[in-house]
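**Q** just coords:
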C-alpha cells in the first residue's frame, strides 16, 4: 500500500511539472501575439530566433517580450512570497503585504515621484521603503519579547502599514495634481506598462537570492507551520528561521513591487489554488505557487493591456478577480488564527 | 551516553508570574513518571520548562548532566520527544507528513526526509495500529486519532526520552488502554532500547495500571512522589482534588480510585478515612 502511494505521488509530480511548464511557455507565446499590432505565430518565432527583422520583430522583442517576462517574474515572485508568508504565519488568509512591505514600498516610490527623481531612483526607493517597513516591524516585535511573536508581528505590520499609508496620503495631497498625482496613482495600482528589460536586470537576481533560502529550507519551513513551540520541540530554531523566511520573502516581494508597483491579491489567492493542487507541503507548494502566479499575472497583464484602449491598472484587475475568490474562501473556510 | 533528564530545585513560570518552585525530578530510560494534579497546577508549564521551551525561573534542568539551557534545539529534539495535546493544524497535512516532521532533528539542515525516514514514520503509525491513516488528512481526524498520530511522531523521533502532555485526554476507552499499553511497552524496551517516559494525566488509575512512579502536584509544588500504592492514598487524592476519593482493590488485585459523587446516605459513605486501604 505504502510503496504504491509513494510511487503514485512521484508519478504525479512529473506530469504536473511538465503541464505547468508547458502551459507557461504556451501562454507566454500566445501573449506575444496579442496586442494592437498584429503579429503572426510565424513572425513571432522568426523574431525570437533572430531571423525576422522589421516592425513585427521590434514589437515582439522590444515591447512585448520584456513585458511578458516582467509579468511572469512579478506574478511568480508574489505568489512564492505569499506561500511563504502563509506557511510562516500559519494562516491561509495572509498576503505578502502583511508586514507592511507594500505600504513601505509605496511610500518610498511616492516619495521618489514627489521629489521628481528618475525612474531607477524611484524603484530603488520603493525597494528600500519595503525593506525598511518590514525591518521596523521585525525590530518592534523583537523588542516586545514575552508575547506571541506571530501576533506581535502581524499587529505591528498593520500599524506600520497604516503609518506608511498616512505618509503616502500626505504626499498625495502635497503632490502636483497634474504631473505627479497621476503617476502616483498609477504606481499605487500597479502596472507593467513602463517596465523595460533594463529595469528587470537588478530585480531578477534579488528575487533569486530571496528564493534560495526558501527552497533550501523548505522542509523546516513546513515544520514551522505547526507553531513555534512544536517546531522547537522538533528541533527547529524557530525564531531564527522565522526571521530568515521573513527576510527572504520580503526581499522577493520588495524587488518586484519596486518594479511593478503595488499589485495586490496575487500572493493571497494563488497559494490557495496551489494548495488545492498539491497539498500544503511547502516543498511542492512553493514552486507550484510560483508557476501558477506567473501564469496568472501574465493573463491578467495581457488583459490589462489589450482588453481596452486605455490600459487598466493591474491592481484593479487582480482585485476584481481576487475579491470574489477570497469571499468564496471565507465562506468555505474553517480556519482562523489557531 | 547518559541521557538522564533531571530537574534540580526547579522554579517554573513566566517572568513576573511564578507558577511553581522547589521541583526535583529525575527521568532515566526505562522509567515512567506519572504527573498527577488538578487543572492549573503547573503540569504543562513544568513540561515546557523540562523541554527548554521556556526558561527556568530558578534552579536548573540537566540533560545528560549538561544544562539544558546551553543545548541547541536539535540536540534536545534528538534526546526528548514531545507529545503535545492534540490540536488542529492550520493546513490539511497528511498524517504521514505530520509523523515525518518528527524526523526533522535527524536530518541535515537543508535535507528533506528520504525513503528511510518514510519507512520509520510508517512503522511508527503501524505500531500504534493506525497505519491505514497514513494518507488521511490530519486536520479532519478525530481528536483521538490526532493524538495517536502525535504519539507516532514522537516514536519516529527515536529519542531515549518522551514527554507526553495528557496523552490519553481525548482518547476513547479502547484507545486509552492501547496507548497505556504502548507506554508501558516503550518503557519496558519493547521497541528496542527502553524509553524514559514522563506523562501527565487526570486519571490516577493510569498510574496504578502503569506501575509508574507518581509525582503528585498541587499549586506548582510536589506534594508527594514515589510508588503509586504509597502516594495515591484516598487521603492524598482527596486533598489534591478537593473531593472525597476512595482507593479500592478489585478482585483482580488492581487498585482503582473512586471519587464520591454528591452526598450519600449515612452508613454507605465511601469516605476516604475508612476506605483508605493503600
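**A** Arrived safely. This is a predicted model, so every value here is computed, not measured. Numbers count the residues shown, from 1 in each chain, chains lettered A, B, ... in the order given.
**Q** does the residue in the stretch 51-200 of chain A that chain B sits nearest to belong to a helix, a strand or coil?
**A** Of all residues in the stretch 51-200 of chain A, residue A:90 sits closest to chain B, at 4.2 Å by Cβ to the nearest Cβ. Quick note: C-beta positions are derived from backbone N, CA and C, even for glycine. Here residue A:90 is coil, with the state taken from DSSP: H, G, I helix; E, B strand; the rest coil.
**Q** shouldn't it be in contact with residue A:225?
**A** Yes. The pair residue A:90 / residue A:225 is scored as a contact, 5.2 Å apart, by Cβ atoms under 8 Å.
**Q** give me the common contacts of those two.
**A** Shared contacts of residue A:90 and residue A:225, defined by Cβ atoms under 8 Å, 6 or more residues apart in numbering or on different chains, are found at B:89-91.
**Q** can I get those in CSV with secondary structure, distance to residue B:156 and pLDDT?
**A** As requested, these are arranged in CSV below (DSSP: H, G, I helix; E, B strand; the rest coil; distance: Cβ to Cβ, whole Å; pLDDT from 0 to 100):
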residue, secondary structure, distance to residue B:156, pLDDT
B:89, coil, 17, 82
B:90, coil, 21, 82
B:91, coil, 20, 89
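**Q** mind checking what secondary structure whatever residue of the stretch 101-250 of chain A ends up closest to chain B has?
**A** Residue nearest to chain B within the stretch 101-250 of chain A (Cβ to the nearest Cβ): residue A:235, separated by 2.9 Å. Put simply, residue A:235 is coil when judged by three-state DSSP.
**Q** nearest to the spatial middle of the chain, which residue is it?
**A** You didn't say which chain, so I picked chain A. By Cα atoms, centre = their mean, chain A has its centre lying nearest to residue A:78, at 1.2 Å.
**Q** the intended chain is chain B.
**A** What sits nearest the mean C-alpha location of chain B, by Cα atoms, centre = their mean, is residue B:199, with 1.8 Å.
**Q** show me what from the stretch 51-200 of chain A comes close to chain B.
**A** A:87, A:90-92, A:146 (Cβ under 8 Å from any Cβ of the partner chain).
**Q** find the pair from the residues you listed with maximum spatial separation.
**A** Taking Cβ to Cβ, the two most distant members of those are A:92 and A:146; they sit 27.7 Å apart.
**Q** so the two - more neighbours on which side?
**A** The neighbour comparison of residue A:92 against residue A:146 (other Cβ atoms under 10 Å in any protein chain shown) goes to residue A:92, with 19 against 10.
**Q** phi first, then psi, for that one.
**A** Here is the backbone geometry of residue A:92 (degrees, to the nearest 10): phi -70, psi 0.
**Q** neighbours of the residue lying closest to residue B:41 once chain neighbours are set aside, just the number please.
**A** Once flanking residues are discounted, residue B:41 sits nearest to residue B:217: 4.7 Å by Cβ to Cβ, 6 or more residues apart in numbering or on different chains. Using other Cβ under 10 Å, residue B:217 has 22 other residues around it.
**Q** got the confidence number for residue B:217?
**A** At residue B:217, the pLDDT value in this model is 93.
**Q** ok, now residue B:3?
**A** pLDDT, residue B:3: 87.
**Q** again, but for residue B:264
**A** 51.
**Q** on that earlier part again, between residue A:90 and residue A:225, which has more neighbouring residues?
**A** Legend: neighbour count by other Cβ under 10 Å for residue A:90 and residue A:225, higher for residue A:225 (22 against 19).
**Q** so the more buried one touches residue A:282, yeah?
**A** Yes. With contacts counted by Cβ under 8 Å, residue A:225 reaches residue A:282, the gap being 7.5 Å.
**Q** where's the closest residue to residue A:105 other than its chain neighbours relative to residue A:71, distance?
**A** Distances taken as Cβ to Cβ, 6+ apart place residue A:130 nearest to residue A:105, at 3.5 Å, with adjacent residues excluded. Distance from residue A:130 to residue A:71, counting by Cβ to Cβ, to the nearest Å: 20 Å.
**Q** quick one, strands of chain B?
**A** Counting by DSSP state E, chain B has strands at residues B:5-14, B:17-27, B:32-36, B:58-63, B:66-67, B:80-83, B:161-164, B:196-201, B:213-218, B:221-226, B:245-249, B:255-259.
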